[in-house]
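**Q** please work out how this folds:
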Amino acid sequence: MSGNTDPLSPRAKLAVTAGKAAAAVSRAAGRGSGSVIGGKVALRLDPELLGRLATHLDVVLVSATNGKTTTTRLIAEALRASGPVVSNALGANMPAGITSALAGGSDARFGVIEVDEKYLAGVARDVDPKAIALLNLSRDQLDRAAETRMLAEKWREGLAGSKAVVIANADDPLVVWAASSSPNVVWVAAGQEWKDDAWSCPSCGGVMQRPGDDWFCGECGFRRPAPSWVLSGDHVLDPHGSAWPIHLQLPGRANKANAASSAAVAAVFGVPPQVALERMYQVQAVAGRYDVVQFQGRDLRLLLAKNPAGWLETFSLIDPPPTPVILSVNARGADGTDTSWLWDVDYTRLAGHPIFVLGDRKLDLAVRLEVAGLDFRVCESVDEAVQFAPPGRIETIANYTAFQDLRRRVGN
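**A** Next comes the predicted model:
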């Protein structure tokens, strides 16, 4: 916890130094930030390094299928009102990347850590967090991360008996079931646009009933808990019933939900909602997401969507037709190699937009769009897509590695 300033052991210091050296070599070779390889080298030399690096920090872990990078950034900005923060801001969210991030935060008071859903329980055991934020669970990378209820079960087992305050989305049945094993939960009504992964009760397998914003299982009685924080339009209501305005530079309802959860987390650390929300306004973009860049004389807005729930939220952000839209999909290791999720996305929402398709799996996406009855053009590159796009700002939507490819090409 905060205040423990015991120096690292010689072995831990060696591991940190070696990790930083490996990261520097990776950057010099143009192989990326080096955070993952640096962390792997450090953990190989000291397998318990992650826990050692966290001993002097008040740690909050953030996990979800969607929104965890943005929420991590919002929480980090809010907590800076009370002291220095170390965070894996670029989204390297497995143990190696987290270790690299914490190795650079020796003077920090708070650690705000994004954690991949699959690794949450293990990281929580290692770093003894003060708070854990759980936002949502939906299908994503099924070839790697497994089915959503299995992930929820891992969370539930990992949180049982945890001393951490768990800040959890009361509108996601899978999250509620997972968090309910914890003795100390703060419920946030953050909403859930995508519901197709939570129609069966995670507790008994019965059919979920969803009248209005409520939900419950008619067979076992599992139901939505009463929230103490509520997203209400452009405001968040705190446990005392006070309404605090949400003013963000980040677009969309999903980011207001992220801000509401972030305000609840900040309150656990003693940061008042007004202060926390005012600081969140400073966040303009997150690792390139929502950035507007100039490329070949055109404005392109960069949007990331990795799974059906994420695409649904992203479609609500884009400008109306006839705004041109570029879609790019890869299926590399970091994306998940299974592209069957494309068939769960309602692409008919893009009707009326000129659509341009690219990426490693552009033909898979083209088949999906053809079945949806949409007109589109398959392109070999973003350069070609921009060349054929009609006037106006271009919305670009890409999954993870396709998004990184786009950023490199447009100089972001």
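
**Q** contact partners for the residue nearest to residue 127 when sequence neighbours are not counted?
**A** In space, and not counting its chain neighbours, residue 127 is closest to residue 54: 3.8 Å by C-beta to C-beta, 6 or more residues apart in numbering. Bear in mind the C-beta positions are built from the backbone N, C-alpha and C, glycine included. Residue 54 sits next to 102, 111, 126-128 when contact means C-beta atoms under 8 Å, 6 or more residues apart in numbering.

**Q** again, 7 Å this time
**A** Counting by C-beta atoms under 7 Å, 6 or more residues apart in numbering, residue 54 touches 102, 111, 127-128.

**Q** pipe those residues into TSV and attach distance to residue 359, neighbour count and secondary structure per row.
**A** Shown next, in TSV, are the contacts of residue 54 (distance: C-beta to C-beta, whole Å; neighbours: other C-beta atoms under 10 Å; DSSP: H, G, I helix; E, B strand; the rest coil):
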residue	distance to residue 359	neighbour count	secondary structure
102	34	28	helix
111	35	27	strand
127	36	24	helix
128	41	15	coil
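
**Q** stretch 76-95: which residues count as buried?
**A** By neighbour count with 16 or more other C-beta atoms under 10 Å, stretch 76-95 contains the buried residues 76-82, 85-95.

**Q** ok, residues contacting it?
**A** Among residues not part of stretch 76-95, those counted as contacts by C-beta under 7 Å, 6+ apart are 33, 35-36, 39, 43, 50, 69, 72-73, 97-98, 100-102, 104-105, 107-116, 119, 123, 262, 266, 269-271, 275-276, 279-280, 282-283, 287.

**Q** so which of these sit within strands?
**A** Where the contacts of stretch 76-95 overlap with strands, as defined by DSSP state E, the overlap consists of 110-114.

**Q** which of these has the most neighbours?
**A** When neighbours are counted as other C-beta atoms under 10 Å, the busiest of the ones in strands among the contacts of stretch 76-95 turns out to be residue 112, with 33 neighbours.

**Q** run a quick check on that one versus residue 75, I expect a contact.
**A** Yes. The pair residue 112 and residue 75 qualifies as a contact (C-beta atoms under 7 Å) at a distance of 5.0 Å.

**Q** point out where this structure drops to low pLDDT.
**A** Counting by pLDDT under 70, the chain shows low-confidence ranges at 1-7, 141-146.

**Q** before we move on, back to that, go through the contacts of stretch 76-95 and flag which are in helices.
**A** Taking DSSP state H, the ones among the contacts of stretch 76-95 that sit in helices are 35-36, 39, 43, 50, 69, 72-73, 97-98, 100-102, 123, 262, 266, 275-276, 279-280.

**Q** neighbours of residue 124, just the number please.
**A** Residue 124 has 21 neighbours, counted by other C-beta under 10 Å.

**Q** I'd like to know how far it sits from residue 164.
**A** 7 Å (C-beta to C-beta, to the nearest Å).

**Q** so residue 276 is in contact with residue 264, correct?
**A** No. With contacts counted by C-beta under 7 Å, residue 276 stays clear of residue 264, the gap being 9.2 Å.

**Q** what's the single longest helix in this structure?
**A** Taking DSSP H as the criterion, the chain has its longest helix at helix 10-28.

**Q** from the rest of the structure, what touches it?
**A** With contact meaning C-beta under 7 Å, 6+ apart, helix 10-28 is reached by 8, 32-35, 37-39, 41-42, 45-46, 49, 52, 100, 103.
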